[in-house]
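Undergrad: Model the following, please.
(2 chains)
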2 protein chains.
Amino acid sequence: MGTVEQARCCVGLVGPLDVKRAEYEFATRKLEELGCHVVVLDVTTRDMDDDRQGHASDTHCSPRQVLDEIISTASFNALDRGERTEAMRAGALRILGALKHEGRLHALAGFGGSQTTSLVTWIMRSAVFEIGFPKVAVTTMMAGDVAGYAGETDIVFWPSIVDISGRLNSISELILTNTCHAVAALAASYQARLRASQPTGGVRQASRKPHVALTMFGLTTPCVNECSRLLSEKGFEPVVFHASGVGGRSMERLINEGLFDAVLDLTTTELADEQLGGVLSAGPSRLTAAHQKNIPQLISVGALDMCNFGSLDTVPGAFRERKLHAHNEKVTLLRTNAEENRQLGEVLVNKVKGSTFKILFPTKGTSGIDIEGGSFEDKEARGALLDGIRSALGDASSEHLIPVDLHINDAAFAARAVDELVSLYNSKQPET
Amino acid sequence: MGTVEQARCCVGLVGPLDVKRAEYEFATRKLEELGCHVVVLDVTTRDMDDDRQGHASDTHCSPRQVLDEIISTASFNALDRGERTEAMRAGALRILGALKHEGRLHALAGFGGSQTTSLVTWIMRSAVFEIGFPKVAVTTMMAGDVAGYAGETDIVFWPSIVDISGRLNSISELILTNTCHAVAALAASYQARLRASQPTGGVRQASRKPHVALTMFGLTTPCVNECSRLLSEKGFEPVVFHASGVGGRSMERLINEGLFDAVLDLTTTELADEQLGGVLSAGPSRLTAAHQKNIPQLISVGALDMCNFGSLDTVPGAFRERKLHAHNEKVTLLRTNAEENRQLGEVLVNKVKGSTFKILFPTKGTSGIDIEGGSFEDKEARGALLDGIRSALGDASSEHLIPVDLHINDAAFAARAVDELVSLYNSKQPET
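TA: Numbers count the residues shown, from 1 in each chain, chains lettered A, B, ... in the order given. You can find the predicted model right below:
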């Protein structure tokens, strides 16, 4: 791949050419007409000859090339279909990652059904391709749920309407033509940003203000909106994530990508879903990135009074007799009880111990319905949450825990949260 | 809107500016920098003054303008939130539809959460915006299932990563910048096609061959692949749809858009899901478009031996003791029984009566597992399906029904299906 042309932007196309050659060749021609250089990675998984399978060139990686250095032909042929797919995607990621690292790749695309969509989005979800790097999946899978393919990334999902099966027709040509116009424009734009020395897609360069990540839920919105307003006034750039599982994951990823200077993690509700099996878990690595990146975080307990389920009939039997709140016909909330709250307090502390953090605790309620007269008011559970935090912190409580006699959605709570965060942030800055 | 500039391509942006003004203004500036003319439709649903709310101009439709001729201010203010949204989207569709009709609109985009995504995709799903017309939804909803928002259309779904809530940040600016580059390229490309007098996006003009729509399922793939091959040889253009609910809907829509000259509807399995409550129903209008457009159809009974459910625990209790086949961990198939098959035969006939059609019936089996020794072999049920068809056709059976002593996946069955379709197609052509 040594002579990839430098002047034109470069698009990587990944797919199994044994069954989809017509579509990939059509897209290659179209992208080249639009001024792009194209690199095609053939991830065909059928048995391989010892000879290099298919033709290989500057712009075409044969299946054998994709696997080079990863696995031998004989070993590959001994694998089952799933293992072959894993080997192929690993090989493709290695080649594309190297091109990306050298600044010679400006967009990725793939076309197919469940197998191809799964393979190309696995590559696209890699941390190598940061948020903002153009990634487009043309897929037959829009009939179903594509959330799993998207993960926490900005992969664009494009319905293919008709089957992508190696035989072109007017509809697939139309859809692929549209896709190529979009991908070519995205690649050119990314290349231009790269040339302007904005390696993270221009995110950091677009603003010199320190970036603060915030977490919000419908039931903590008043608090987070007020914090955003105050942070803007103080010269910070607030970026709000919806604590819906994927939102928390996106935030952790972007913290890891180095885009944030501080975190105002007011809505840690995803920990309850992780612990109790709710539908909005952000996974076990939630609340870990700020520590890894050594940036300060001001934490609160927003919406830890609830764990999310779908419609009422999807709530697990063990919770059916508990206090439930029908948020709407698609969302049922479970009130977390005292014992669960005590554990959640401990879990929260154990995740952030060792980082630069403070925990601000609103003793008058943690969400829009955990409030005096609200449907999830439960002073015992709220007290247990505070006790759990205090006991896990032990002697460090006086330094890290700030109970305040306010409700989370009080304006004074937001003001205090911002003041504490700014103070933490300033204490981390080198003196000038 | 009288003076919309003709030279530049035009992008329509739809959204509630009361809560998302910053994002829409940013995108407008970016699209204008990229050479587009932009029309913004403000679909704010809060109470309206009698004065025209907000400023209005050539490029900006205020909420009052969106509603003009649809509903009065007083009536609007008396509506609940859902009704207001319905009025707003109807008004926006009327304005955008008129621009589209005049050839003065070349792409649509919208940005938001569940409310805005729901509103803008409702507009995008309208038949006014044919498959191939650029439609892009930037959405916070990728955490969940966007299939309902997509319908049978080619709306592109773009994850917003962060909240779209009227406050810009580096991430939302980056995502919207990428979106604008793609939308501008799509709009310019659509406008160019339009200027070349290809009003349906070039689909018909790209090929003068007669277009044939085909329906396929995993378990009828050998048949449909062979039919595609034979049709291509005979000078037709085959277009294959996956009979997964959305596939059937897409095909019916594209038949209604006038893109097809004949239909080879070999895999009518979606009727079983519609009748028994399976997960892959294509709705009640399946098998109606060919009749409406007066094009010939050759029909078979592919995969009517099965109704689709999700994982085993999602199969309704009434079916738990029936013959089930675990296709994989996510798909469980129910064998349709004799009585259901008799009804399905009648339903099928009643849907196509009066159109130009023939029904080709493979008496040795209707799918890859309804075959001698297969897990869904059931001669009684297969016979009942044939009886249902025959009894519903009555005297017309001899003209419309062709039982053949073959399995659906036999090559000879495919050859016969193509011969019968070509014969029907030729009989409909004016003599030369």
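
Undergrad: so what are the domain limits for chain A?
TA: A:10-195, A:207-426 (automatic domain parsing).

Undergrad: Please see if the last one touches chain B.
TA: Yes. Among the residues of domain A:207-426, A:207, A:211, A:216, A:225, A:228, A:232, A:237-242, A:244-247, A:250, A:254, A:259 lie within reach of chain B under CB under 8 Å from any CB of the partner chain. Where you see a C-beta, it was placed from the backbone N, CA and C, and this is true even at glycine.

Undergrad: could I get the domains of chain A as CSV with mean pLDDT and mean neighbour count?
TA: Formatted as CSV, the domains of chain A follow (pLDDT from 0 to 100; neighbours: other CB atoms under 10 Å in any protein chain shown):
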stretch, mean pLDDT, mean neighbour count
domain A:10-195, 90, 21
domain A:207-426, 95, 20
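
Undergrad: could those domains go into TSV alongside distance to residue B:410?
TA: Formatted as TSV, the domains of chain A follow (distance: least, CB to CB, whole Å):
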stretch	distance to residue B:410
domain A:10-195	21
domain A:207-426	44
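
Undergrad: Among the residues of domain A:207-426 next to chain B, which are located in helices?
TA: Judged by DSSP state H, helices contain the following of the residues of domain A:207-426 next to chain B: A:225, A:228, A:232, A:246, A:247, A:250, A:254.

Undergrad: now the third one, nearest residue through space, not along the chain?
TA: In other words, residue A:232. Nearest non-adjacent residue to residue A:232, counting by CB to CB, 6 or more residues apart in numbering or on different chains: residue A:238, 6.2 Å away.

Undergrad: The last one too?
TA: Once its chain neighbours are removed from consideration, residue A:254 has its nearest residue in residue A:131; the separation is 6.2 Å (CB to CB, 6+ apart).

Undergrad: I'd assumed residue B:172 was in contact with the one you found.
TA: No. Counting by CB atoms under 8 Å, residue A:131 does not reach residue B:172; the two are 11.1 Å apart.

Undergrad: Find the residues that touch each one of the two.
TA: By the contact definition CB atoms under 8 Å, 6 or more residues apart in numbering or on different chains, residue A:131 and residue B:172 are jointly contacted by residue B:161.

Undergrad: hang on, the earlier thing: tell me which two of the ones in helices among the residues of domain A:207-426 next to chain B sit farthest apart.
TA: Among those, the pair separated by the greatest distance (CB to CB) is A:232 and A:246, at 25.1 Å.

Undergrad: quick one, what contacts the spatially most central residue of chain A?
TA: Residue closest to the mean C-alpha point of chain A, counted by CA atoms, centre = their mean, is residue A:152 at 2.1 Å. Contact analysis of residue A:152 by CB under 8 Å, 6+ apart lists A:246, A:249, A:250, A:252, A:253, B:161.

Undergrad: Residue A:354: what's it in contact with?
TA: So residue A:354 contacts residue A:291 (CB under 8 Å, 6+ apart).

Undergrad: Run through the bridge partners of the residue nearest to residue A:232.
TA: On the basis of DSSP bridges, residue A:238 is bridged to residue A:212.

Undergrad: ok, it - contacts?
TA: A:212, A:214, A:227, A:228, A:231, A:232, A:264, B:167, B:169.

Undergrad: cutoff 7 Å now
TA: For residue A:238, the contact set (CB atoms under 7 Å, 6 or more residues apart in numbering or on different chains) comprises A:212, A:214, A:228, A:231, A:232, B:169.

Undergrad: Can you tell me the closest non-neighbouring residue to the third one?
TA: So the one you mean is residue A:228. Once flanking residues are discounted, residue A:228 sits nearest to residue A:238: 4.1 Å by CB to CB, 6+ apart.

Undergrad: how much space between residue A:384 and residue A:338?
TA: 4 Å (CB to CB, to the nearest Å).

Undergrad: Determine the longest helix present in chain A.
TA: Per DSSP H, chain A has its longest helix at helix A:170-195.
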